[in-house]
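Asks: need a structure here:
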Amino acid sequence: MTHFLDIHKTAPEDLRAMLVQALAMKAARAGRPKGMADDDTPLAGRMVALIFEKPSTRTRISFDVGVRQMGGATMVLSGSDMQLGHGETIADTARVLSRYVDLIMLRTFEEATLLEMAEHASVPVINGLTNRTHPCQIMADVMTYEEHRGPIAGKKVVWAGDGNNVCASFLHAAGRFGFDFTFTGPEVLDPEAEFVDLARKEGARVEIERDAARAVDGADLVVTDTWVSMHDAQSTRERRHNLLRPYRIDDALMARAKPDALFMHCLPAHREEEATGSVMDGPHSVIFDEAENRLHAQKAILRYCLGV
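Replies: Prediction:
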C-alpha cells in the first residue's frame, strides 16, 4: 500500500518525481478555468474521502479542487461526522472506509490516529496534517523554491519562531532534498530532537542559533509560521508572543539574507506578529505562489499514492 505519511518515509526519487509531475501539471493548466478538468483525468471514477478533525482552508480546498480537476469525486467529512476513535475504533473506521472509497486524506490532531488509520486501511492514506508533521505543505514549499530559484540542494533554509509541525517536516525534507537548515527560536520551542537527529543522519547540516540576525545571515530561504494555534488559551498566546517577539521577520532581518532570498509563510498569518506586512507583501515574498502550489503538489501526491 502506497501511503504518504511523512517526507522521511518516502524515497527521495519518489519525492523528486512528484515535484516534476506537479510542475508539469501546473504548466498544463496555465490560463484554464479552475473548475475545468485536466486533459488527463487519472482519478476518473475514484472516490476520495477528505477527513478533517482540525479545521482547514487551504488543505480542504486544494485537495477538493485537485481531485475534481483530475476527474475524481470527494466526500468531505468533519471530525464530528466521523467521531474518530469514539464509539468505533479507528481501525474499524479504516476498514469500513476502505470498502467505500479509493483513498483517505486525514487532517487530525494525534499522529497515532493517522498511523492507526494507515495500518488498517486497505486503501492509501495521506497525511493532511498532524500535531507533529505537515508533509504536504513542505512539498509545496520545495516546489515553490525550485520554481523561482532552481534546485534547493545545498541552499540555506532558515526557520524562525516555533519548532512546530511544519518545521518538523522541513527537517525531514532537509535530509531528503539535501539542503542546510538553521532553526532560530527560543529553546523551549526547539524542534523535536528526533527530527534534528534524523536530518543530520541523512547528511543535512542542521544548526540551532538563538540570535535571529546571525541565523538569517546568508540565507537563501527564510520561513516562519503562526505563533499561536486557534486552540491556544489566552495565557498561552501572551506567553508565546513574549517568547517569539525577537524572531519576527521584518525588513531589517530579511536584509541579512541573500539579496535574492525568498520568504515563505504557509498561512494563515497574523500580520505584524510573526512577520511584518512589508515582508509578506514585499519583493522576497512568495507566500501566495506557495499557497497555490499546495494544489499542484497534492495532485502529484494523489497520483503517486494511487499509482496513476
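
Asks: For the rest of this, base every contact and every neighbour count on C-alpha atoms.
Replies: Will do.

Asks: Which stretches in the stretch 151-300 of the chain count as strands?
Replies: Counting by DSSP state E, counting those that start in this stretch, the stretch 151-300 of the chain has strands at residues 156-160, 180-184, 206-208, 221-224, 262-265.

Asks: got any ranges where the stretch 51-200 of the chain has weak pLDDT?
Replies: Residue ranges of the stretch 51-200 of the chain with pLDDT under 70: 85.

Asks: ok so, going back, with distance to Gly128 as added columns, please give the strands of the stretch 151-300 of the chain in JSON lines.
Replies: Listed next are the strands of the stretch 151-300 of the chain as JSON lines, based on distance: least, Cα to Cα, whole Å:
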{"stretch": "strand 156-160", "distance to Gly128": "21"}
{"stretch": "strand 180-184", "distance to Gly128": "23"}
{"stretch": "strand 206-208", "distance to Gly128": "26"}
{"stretch": "strand 221-224", "distance to Gly128": "19"}
{"stretch": "strand 262-265", "distance to Gly128": "17"}
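
Asks: can you redo those strands as a markdown table with mean neighbour count?
Replies: A markdown table is the format used below for the strands of the stretch 151-300 of the chain (neighbours: other Cα atoms under 10 Å):
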| stretch | mean neighbour count |
| --- | --- |
| strand 156-160 | 27 |
| strand 180-184 | 26 |
| strand 206-208 | 18 |
| strand 221-224 | 24 |
| strand 262-265 | 24 |
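
Asks: Any idea which of those strands gets closest to Leu23?
Replies: Nearest of these to Leu23, taken as Cα to Cα: strand 262-265 at 18.5 Å.

Asks: which secondary structure elements does that closest one contact?
Replies: strand 221-224, helix 287-306 (3 or more Cα pairs under 8 Å, 6 or more residues apart in numbering; DSSP states H and E).

Asks: can you list contacts of the shortest one?
Replies: Which is strand 221-224. If you take Cα atoms under 8 Å, 6 or more residues apart in numbering as the criterion, strand 221-224 is touched by 145, 155-161, 216, 249, 254, 257, 261-266, 274-275.

Asks: redo that, cut-off 7 Å
Replies: Contacts with strand 221-224, where a contact means Cα atoms under 7 Å, 6 or more residues apart in numbering, come from 156-161, 261-265, 274.

Asks: That strand: partners in the sheet, and parallel or antiparallel?
Replies: When sheet partners are counted by DSSP bridges, strand 221-224 sits next to strand 156-160 (parallel), strand 262-265 (parallel).

Asks: and it, what's its mean pLDDT?
Replies: Averaged across strand 221-224, pLDDT comes to 98.

Asks: Alpha carbons only: can I get it in PDB?
Replies: C-alpha atoms of strand 221-224 as PDB (Å, rounded to 0.1, in the frame of the first residue of the first chain):
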ATOM      1  CA  LEU A 221      15.100  31.000   2.100                       C
ATOM      2  CA  VAL A 222      13.500  32.400   5.300                       C
ATOM      3  CA  VAL A 223      10.400  30.700   6.600                       C
ATOM      4  CA  THR A 224       8.100  31.300   9.600                       C
END
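
Asks: With that, I have no additional questions.
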